[in-house]
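Asks: following is a predicted model, sequence given first.
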Amino acid sequence: MGESNNNFVVVANRLPVDMQRAEDGSPRWVPSPGGLVSALSPVLESHEGCWVGWPGVIDESPEPFRTEADVLLYPVTLSAEDYRDFYEGFSNATLWPLYHDLIVTPEFHREWWAAYREVNLKFAQAVAHVAAEGATVWVQDYQLQLVPGILRQMRPDLTIGFFLHIPFPSPDLFRQLPWREEVMRGLLGADIIGFHLEDNARNFLTLAAQVSGSAGTHTGLPDTLRTSGEVSTRAITAHVTAPDGREVGVGAFPISIDVASVPRPEPQAVTTLRHDLGDPDLILLGVDRLDYTKGILQRLRAYEELLAGGALPPKTVFLQIATPSRERIEHYRRTRSRVEEAVGRINGQYGTPGRPVVEYLHRSVPKSTLATYYAAADIMLVTPFKDGMNLVAKEYAAAHPSGSGALVLSEFAGAAEEFPEAYLCNPFDLEAIKRSIHRAATDLRTAPDDARARMTTMHRQVQEHDVNLWAQSFLDSLAEAHAASTGSSSRPASEAR
Ligand code: ADQ
């Protein structure tokens, strides 16, 4: 198959691998981290499609590369300025905090916006190059919100889906964005727009009714986009009329994990880990990118106060794995230093020589190691202030088929909608986090049947709603939208599978 002949194209900020150069200058590809990659890799492999994205190294222009699973990886080059202004700037210091309910204050800079437009154009051009006539294109996430609109103009033959992996904020917050009309128009270039939750989709529909999509409007909120229908999960039932008159479907598609590929740890590996940790009575676990949205510091403080109050078994260990993330951005640096300060303080106060009460790793770990941690953990702590979904919660549920363990979960993680059986807490309320941890620890000892029933239900939920269902329902909706708009019965996304 040639480079310009792909019937199914995924475009995301990152390729599912990173390119590194060995000492002799030869390129080497290594798997890249993150929820999006975890979610999409199995889907693309089964589609034999093309993935357009940045290879993870500034100014590198590697040749397109075909994986063993016959997925064509088509790199987009980012310069140092692109990385600074498009990625660290507009994507992660403007949109990320804005869409996560202003946990830190978003910065609005015209140069960053200019870079965002230019880089979105670059990605759209790459897609236009690799996509066959009439292909299906699936655009991923907040870094590429203008791509659907640009592609619609360049290549009206394409069927375009867009999925947002992070929350979509309330209209009042979104309307702070100086370039709100342009972003809305960009998104409305798609045939369907998918979110994790019905609430996200409703926010978008309300906004679409408020913010004009008409070209060139920069003042006020003049024209109203017509919206219709109620949002329901895993299907398109609501529509908005785009400025060019097309009907755009809007729906909720909660993402999940590839349950079949979750590694099953050897029982011996779990025993060895428990032993290495000093055979504790209780193991708490946190696994996150080191991001201020994830609430790592709050969770450490809750743990510290529980230790201070003697509320946990004497031999308790908290294992916190934090993947390095966006390390040049000031708020991330500050979050890291506060987290590490808290780890030092808690160990200084409550640890004994050779027996820290917090084990902290600031690095990525292999999936098999992660699986051992999940299996060994008595209580998983997932306490983000805001999270689109949170795959870690689902990975933990998948790792406990017998119903062992317990999940403490923020009510502001998308996963809370699917896991009402978790020990839910408000992560802004330290007492609430403490209560949930304490209740989970107490139930494991005194009400094990109740704890087991909760975990078993969550395990079943993940098994029955895995990443394949997510991708399938999105692509089926996209194919239906295409068929409806062309009046044809062809199903492009299904054909591509
Ligand atoms: P993320 O913010 O990256 O994803 P999450 O959904 O939890 O958050 O996914 C993280 C992934 O990275 C998980 O698969 C986890 O196993 C892996 N991971 C984390 N730390 C690791 C470590 N130290 N070593 C190895 N692997 C590690 C974004 C959104 C989420 C949304 C996903 C998918 O912010 O809300 O759920 O996309 O849509």
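Replies: Perfect, I can see it now. Predicted, not measured: the structure shown is a model, and the values here were computed from it.

Asks: just give me the neighbour total for whatever residue of the stretch 101-250 of the chain ends up closest to the ligand.
Replies: Nearest residue of the stretch 101-250 of the chain to the ligand: residue 165, at 3.5 Å (C-beta to the nearest ligand atom). In short, each C-beta sits where N, CA and C put it, glycine included. A count of neighbours around residue 165, defined by other C-beta atoms under 10 Å, yields 22.

Asks: quick check: closest non-adjacent residue to it.
Replies: Among residues not flanking residue 165 along the chain, residue 141 sits closest, at 4.8 Å (C-beta to C-beta, 6 or more residues apart in numbering).

Asks: the one you found against residue 168, yeah?
Replies: No: with contacts counted by C-beta atoms under 8 Å, residue 141 stays clear of residue 168, the gap being 11.5 Å.

Asks: so the two - more neighbours on which side?
Replies: A count of neighbours by other C-beta under 10 Å puts residue 168 above the other of residue 141 and residue 168, at 23 against 20.

Asks: that one belongs to a strand, doesn't it?
Replies: No: under DSSP: H, G, I helix; E, B strand; the rest coil, residue 168 falls outside any strand and is assigned coil.

Asks: still on that earlier bit, pLDDT score for the residue of the stretch 101-250 of the chain closest to the ligand?
Replies: Residue-level confidence at residue 165 comes out at 96, pLDDT.

Asks: got it, and the one 3 residues further on?
Replies: In the predicted model, residue 168 carries a pLDDT score of 98.

Asks: check contacts around the nearest residue to residue 406 once chain neighbours are set aside.
Replies: Spatially, and ignoring its direct neighbours in sequence, residue 406 is nearest to residue 440 (3.9 Å; C-beta to C-beta, 6+ apart). Residue 440 makes contacts with 379, 406-408, 423, 451, as judged by C-beta atoms under 8 Å, 6 or more residues apart in numbering.

Asks: quick one: which helix or strand includes residue 440?
Replies: Element membership of residue 440, judged by DSSP states H and E, is helix 430-446.

Asks: wait, doesn't residue 242 sit right on residue 186?
Replies: No: between residue 242 and residue 186 there is no contact under C-beta under 8 Å: 10.9 Å.

Asks: which one of the two has more residues nearby?
Replies: Legend: neighbour count by other C-beta under 10 Å for residue 242 and residue 186, higher for residue 186 (26 against 23).

Asks: SS state for that one?
Replies: In three-state terms, and counting by three-state DSSP, residue 186 is helix.

Asks: so it makes contact with residue 143?
Replies: No: in this structure, residue 186 is not within contact of residue 143 by C-beta under 8 Å, at 11.6 Å.

Asks: so, low pLDDT: which residues of the stretch 201-350 of the chain?
Replies: Applying pLDDT under 70 to the stretch 201-350 of the chain flags residues 212-224.

Asks: tell me the residues of it that contact the ligand?
Replies: Within the stretch 201-350 of the chain, the residues that sit near the ligand (C-beta under 6 Å from any ligand atom) are 255, 287-289, 321, 323.

Asks: and if we set it to 8 Å?
Replies: 255, 257, 287-289, 291, 293-294, 321-323, 325 (C-beta under 8 Å from any ligand atom).

Asks: for these, pick the one with the most neighbours.
Replies: Highest count within those by other C-beta under 10 Å belongs to residue 294, 29 neighbours.

Asks: what's near enough to touch that residue?
Replies: Residue 294 neighbours (C-beta under 8 Å, 6+ apart): 288, 383-385, 387.

Asks: what do you get if the cut-off is 6 Å, keeping everything else the same?
Replies: Residues near residue 294 by C-beta atoms under 6 Å, 6 or more residues apart in numbering: 288, 384.

Asks: please apply the same query to residue 90.
Replies: 112-113, 116.

Asks: quick one on the thing from earlier: which of the contacts of residue 440 fall in strands?
Replies: Here DSSP state E is the test, and the contacts of residue 440 give 379, 406-408, 423 as lying in strands.

Asks: where do the helices of the stretch 201-350 of the chain begin and end?
Replies: 267-276, 296-308, 330-350 (DSSP state H, counting those that start in this stretch).

Asks: name the stretch among those helices that sits most buried.
Replies: helix 296-308 (a mean of 20; mean count of other C-beta atoms under 10 Å).

Asks: ok now that one, how far from the chain's centre?
Replies: 25 Å (C-alpha atoms, centre = their mean, to the nearest Å).

Asks: stretch 161-178 too?
Replies: On C-alpha atoms, centre = their mean, the centre of stretch 161-178 falls 14 Å from that of its chain.

Asks: in that stretch, which residues are buried?
Replies: Neighbour-count burial for stretch 161-178, counted by 16 or more other C-beta atoms under 10 Å, picks out 161-169, 171, 173-174, 177.

Asks: contacts for stretch 183-195?
Replies: Contacts of stretch 183-195 (C-beta under 6 Å, 6+ apart): 145-146, 148-149, 152, 159-164, 168, 201, 211, 213, 236, 242, 248-253, 474, 477-478, 481.

Asks: would you format the contacts of residue 90 as TSV with neighbour count and distance to residue 83 included?
Replies: Conversion of the contacts of residue 90 to TSV gives the following (neighbours: other C-beta atoms under 10 Å; distance: C-beta to C-beta, whole Å):
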residue	neighbour count	distance to residue 83
112	21	12
113	20	16
116	27	12
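
Asks: about what we covered before: angle of the helix holding residue 440 against helix 296-308?
Replies: 60 degrees (axes from the mean of the first three to the mean of the last three C-alpha atoms, to 10 degrees).

Asks: surely residue 252 is in contact with residue 232?
Replies: No: counting by C-beta atoms under 6 Å, residue 252 stays clear of residue 232, with 7.3 Å between them.

Asks: show me which of the two is the more surrounded one.
Replies: Using other C-beta under 10 Å as the criterion, residue 252 and residue 232 rank with residue 252 on top: 24 against 13.

Asks: contacts only, for the more buried one.
Replies: 195, 197-198, 201, 231, 233.

Asks: cool, thanks, talk later.
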